[in-house]
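Asks: From the sequence below, what's the structure:
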Amino acid sequence: MEIRQDDPRAPHVADLLTLHLEELRSVMGEHAQALDASGLSAPTATFWTVWQGDMLVGFGALKQLDDTHAEVKSMRAAPAARGSGVGRTILQHIIAEARKRGYARLSLETGTAPLHAPAVSLYRSAGFLRCDPFADYQASPHNQFMSLDLSR
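Replies: So this is what the prediction gives:
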């Protein structure tokens with residue numbers, strides 16, 4: 001798999017990003033916190049795509065919250081690539097980049113629906129632990145929060 005820094009507004013990203021947003025909104029409603037292409041293009045966000053040959057198989061982003069804290073945003077594997085290691089590959093890349101940038105903490109928000117169980121399992125296996133809401137997030141029955149201490 002190849003990881004490329006990319007533009008979330010690029011045409012080759014549009015279908016997978018639309019699927020991502022629609023799927024989250026279908027199970028989380030107004031509690032879905034995923035960023036659209038505009039949000040993923042913000043100066044505080046870095047967006048990567050994952051490729052197998054010439055096929056887009058996933059994406060993920062890192063968003064700076066402050067000088068010591070960043071957030072994993074919008075991780076997604078393409079439906080045909082689920083279970084193939086795409087999620088682990090992009091998550092490891094995001095964690096490595098967060099360490100390289102000197103962040104002490106990496107957090108994320110995800111859902112509580114059965115759809116999110118594989119992602120939560122992946123995050124736990126990477127060392128993320130449950131935490132309180134961070135940044136501007138508000139707790140709801142539809143979301144949960146996790147954090148990884150990078151200062152060790």
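Asks: Flag every buried residue along the helix ranked longest in the chain.
Replies: With secondary structure taken from DSSP state H, the chain has its longest helix at helix 11-28. Judged by neighbour count using 16 or more other Cβ atoms under 10 Å, the buried positions of helix 11-28 are Val13, Leu16, Leu17, His20, Leu21, Glu23, Leu24, Met28. Quick note: C-beta positions are derived from backbone N, CA and C, even for glycine.
Asks: Can I get those residues in TSV including pLDDT?
Replies: Output for these, formatted as TSV (pLDDT from 0 to 100):
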residue	pLDDT
Val13	93
Leu16	90
Leu17	87
His20	83
Leu21	79
Glu23	79
Leu24	70
Met28	66
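Asks: contact partners of the helix-or-strand element of the chain with minimal mean pLDDT?
Replies: Sorted by mean pLDDT, DSSP states H and E, the helices and strands of the chain end with helix 11-28, the least confident at a mean of 83. If you take Cβ atoms under 8 Å, 6 or more residues apart in numbering as the criterion, helix 11-28 is touched by 6-8, 32, 34, 36-37, 40, 49, 56, 58-59, 74, 76, 78-79, 111, 113, 115, 142-143.
Asks: Just the buried ones from these, in PyMOL syntax?
Replies: Applying 16+ other Cβ under 10 Å to those, the buried members can be selected in PyMOL as follows:
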select buried, resi 6+8+32+34+37+40+49+56+58+59+74+76+78+111+142+143
